[in-house]
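J.: Show me the folded form of this:
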Amino acid sequence: MSQTQLTQEQLNDVKQFQRNEVTEYHIYKKLTRRVKGNNVKILNDIAEDELRHYNFWKGYSGEEVKPNKWKVFKFYWITRLLGLTFGIKLMENGEAGAQEKYNEAVSYIPEAKSIVEDEDAHEEELISMIREKQLDYVGSIVLGLNDALVELTGALAGLTLAFQNTRLIAIAGLITGIAASFSMGASEYLSNKSEGNNERALPSSLYTGIAYIITVFLLILPYLLLDNYFVCLALTLVVAVLIILFFNYYISVAKDLNFKKRFTEMAVLSLGVAALTFGISYFVRMFFGVEM
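T.: Residues are numbered from 1 along each chain as shown. Here you go, the predicted model:
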């Protein structure tokens with residue numbers, strides 16, 4: 001089918017397909033300058049797939065189309081800041097909304113079905129081959145982050161009712177959190193050593209400890225900035241939910257996992273422990289008659 005046989009709406013869709021493909025081509029080519037090892041070849045191969053897609057659609061539009069510079073800028077920096085796998089999969093997932101348009105295009109350009117499906121399958125295969133160190137240690141990050149959320153939200157809920165003083169709560173929470181982060185890191189190190197994972201032992205312990213202590217700082221932050229301890233506790237719980245939300249979204253995109261299930265489990269566990277600890281602290285305080 002030639003350009004003259006396409007309706008104006010079909011021609012506009014084809015040009016949009018072109019723009020999507022050439023935009024992603026430029027993103028992948030730009031990223032090749034920031035990665036090392038086998039990832040360079042993988043990104044170059046994906047870029048070439050995108051260029052073939054572009055040229056295929058160009059054969060029907062008969063025109064050159066410029067990339068979306070904002071999208072190139074946005075996804076380049078998302079990838080730089082949040083990781084190669086996350087950025088690429090987020091970008092590719094964003095194209096899922098255009099799938100209906102691609103399906104419509106098959107009705108007036110039958111050749112599009114086999115060409116695009118085959119090359120998309122090739123791209124998915126290539127993306128699955130990308131390797132990032134932080135994703136290799138995601139289990140350690142989950143361990144540190146999850147333990148910090150569960151333990152410290154519970155501890156801060158209890159300390160809030162027991163001390164009723166934001167500075168004392170912050171100090172006690174910080175000491176508890178730092179000690180626990182060292183303990184978690186050491187436990188992860190020894191666990192890997194005992195399983196014979198000598199090369200993973202130190203990196204795993206560092207990822208666990210760092211994830212733990214960053215979470216501790218974020219949860220304690222309201223107590224360092226405000227004076228009303230109940231407002232601080234409420235903000236800490238909000239921060240906990242936001243951490244859970246962001247982290248599970250990140251992991252669900254990067255590793256193709258179920259976001260809703262993971263978020264719900266983690267949120268219910270953390271907030272449930274906080275509520276339980278708050279209740280226990282209330283009865284302990286009443287039983288001992290402690291006033292501060």
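J.: Name the nearest residue to I88, ignoring sequence neighbours.
T.: Residue nearest to I88 in three dimensions, not counting chain neighbours: I127, with 5.9 Å by CB to CB, 6 or more residues apart in numbering. The way it works is simple: take the backbone N, C-alpha and C, and place the C-beta from them, glycine included.
J.: tell me how far stretch 56-65 is from the chain's mean position?
T.: Remark: stretch 56-65 is offset 35 Å from the chain centroid, using CA atoms, centre = their mean, to the nearest Å.
J.: Which positions in that stretch come out as buried?
T.: F56, W57, K58, Y60, S61, V65 (16 or more other CB atoms under 10 Å).
J.: Distance of the residue nearest to I88 relative to F56?
T.: In this view, I127 and F56 are 20 Å apart by CB to CB, to the nearest Å.
J.: Quick check: closest non-adjacent residue to D147.
T.: D147 sits nearest to M184 (CB to CB, 6+ apart), 5.8 Å away.
J.: residues near the one you found, how many?
T.: Neighbours of M184 under the rule other CB atoms under 10 Å: 22.
J.: cool, and Q8?
T.: Q8 has 7 nearby residues by other CB under 10 Å.
J.: Angles on the backbone of it, please.
T.: Main-chain dihedrals, Q8, degrees, to the nearest 10: phi -60, psi -40.
J.: For it, report the pLDDT, please.
T.: pLDDT for Q8: 85.
J.: and the residue nearest to Y189 when sequence neighbours are not counted, how far is that from Y54?
T.: Of all residues not flanking Y189 in the chain, S205 sits nearest, at 3.7 Å (CB to CB, 6+ apart). Distance of S205 to Y54, computed by CB to CB: 46 Å.
J.: which SSE is N55 in?
T.: Element membership for N55 (DSSP states H and E) is helix 38-61.
J.: With adjacent residues omitted, what lies nearest to the residue positioned nearest the centre of the chain?
T.: Nearest residue to the geometric centre of the chain (CA atoms, centre = their mean): Y250, 1.3 Å. Leaving aside its chain neighbours, Y250 sits nearest to F86 (5.9 Å; criterion: CB to CB, 6+ apart).
J.: Wait, the one you found touches T79, no?
T.: Yes. Assessed by CB atoms under 8 Å, F86 is found in contact with T79 at 7.4 Å.
J.: The strand or helix carrying A170 packs against which elements?
T.: A170 belongs to helix 166-194 when assigned by DSSP H and E. If contacts are counted by 3 or more CB pairs under 8 Å, 6 or more residues apart in numbering; DSSP states H and E, helix 166-194 sits against helix 138-163, helix 198-225, helix 229-254.
J.: which one of those is the most hemmed in?
T.: helix 138-163 (a mean of 22; mean count of other CB atoms under 10 Å).
J.: which other helices and strands contact it?
T.: In terms of contacts (3+ CB pairs under 8 Å, 6+ apart), helix 138-163 is packed against helix 166-194, helix 198-225, helix 229-254, helix 259-288.
J.: Determine which of those approaches N39 most closely.
T.: helix 229-254 (14.6 Å; CB to CB).
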